[in-house]
Every structure is written in structure tokens, then in C-alpha cells.
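In: need a structure here:
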Amino acid sequence: MPVNPRPARSLRVLLFPPDPALALRLGLQPDIEVVASALARPAVALVEELASVTALLAEDPECRVLVLTGSAHPGLRDAALAAGAAGLVLRDGPVEDLAESIRAASRGETVVDPSLSGP
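Out: Take a look at the predicted model:
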């Protein structure tokens, strides 16, 4: 009989837009389940555009939304937080750091990667 390695309460995470490579890397985390739709009621959504933050929060106000970025842009952190995002994280950082950011956001914490926090 196969054994399910996921804990009973894995964190559901939505990637918007979908990113199969990132989904695979995150799916290797024992407590994270990547879902394909907001209908799956994800605990955390990872988005690349600020407009997606408000759209996802309108659908599910309890979902915590993290904005993925490749680098710091002036005002991006403040704009993301003002839009209702739970934080701003690096897209290309170590998957373990991203997974920890997801866990922190799911606990209600605001997450900003230190390299993106600005002066």
C-alpha cells in the first residue's frame, strides 16, 4: 500500500500564472501542495503582477498573496503591501527560502525578502 508523504494539513499554494518548474520544486516540500485553481481555496497564492493581488483577494479574502519578483523596483514593496499582499519575495531564490516565506505568510506574517526591503 502506498504511503502518502504529505501531512494531513498541507499548505495549498496557487501559482498565478502557472509555473510548472516552480510547482515541481515547491511540490517537493513535504508540507506544500501546489493547486491549479483558486477554487481549491489555497492558503497562499504566488503572483507576478500587482493587479493579480486585488483580483485574488476579491475572490478569496482569506488567501494570503505573495508577489514574486526578480529584483527590487522603486516603490514595488510599498505598492504590493498597499494592494493587500502579504509580502514580496524573490522568484529565483532558493526554494527553501520561498517555502519558508509561504509558511510565514500562512501564519499571518508579512514577508519581505531582506534584499527587497530597500533603504
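In: So in the chain, which helix runs the longest?
Out: Ranked by number of residues, the top helix in the chain under DSSP state H is helix 95-106.
In: Which positions within that one qualify as buried?
Out: Within helix 95-106, the residues scored as buried using 16 or more other CB atoms under 10 Å are Leu98, Ala99, Ser101, Ile102, Arg103, Ala104, Ala105, Ser106. The way it works is simple: take the backbone N, C-alpha and C, and place the C-beta from them, glycine included.
In: Output those residues as CSV; include the columns pLDDT.
Out: Shown next, in CSV, are those (pLDDT from 0 to 100):
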residue, pLDDT
Leu98, 96
Ala99, 97
Ser101, 97
Ile102, 98
Arg103, 98
Ala104, 98
Ala105, 98
Ser106, 97
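In: could these be laid out in CSV, adding distance to Leu28?
Out: Formatted as CSV, the buried residues of helix 95-106 follow (distance: CB to CB, whole Å):
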residue, distance to Leu28
Leu98, 12
Ala99, 9
Ser101, 16
Ile102, 13
Arg103, 15
Ala104, 19
Ala105, 19
Ser106, 18
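In: Out of those, which comes closest to Arg41?
Out: Ser106 (12.5 Å; CB to CB).
In: can you give me the strands in this protein?
Out: Applying DSSP state E to the chain gives strands spanning 11-16, 32-35, 44-47, 64-69, 87-90, 111-112.
In: Tell me which residue lies nearest the centroid of this structure.
Out: Centroid-nearest residue in the chain: Leu46, 3.4 Å away (criterion: CA atoms, centre = their mean).
In: Low-confidence ranges, the chain, go.
Out: For the chain, residues meeting the criterion pLDDT under 70 lie at 1-9, 118-119.
In: And for Pro61, the neighbour number?
Out: 8 (other CB atoms under 10 Å).
In: what's the answer for the one 4 residues further on, then?
Out: Val65 is surrounded by 26 other residues when neighbours are defined as other CB under 10 Å.
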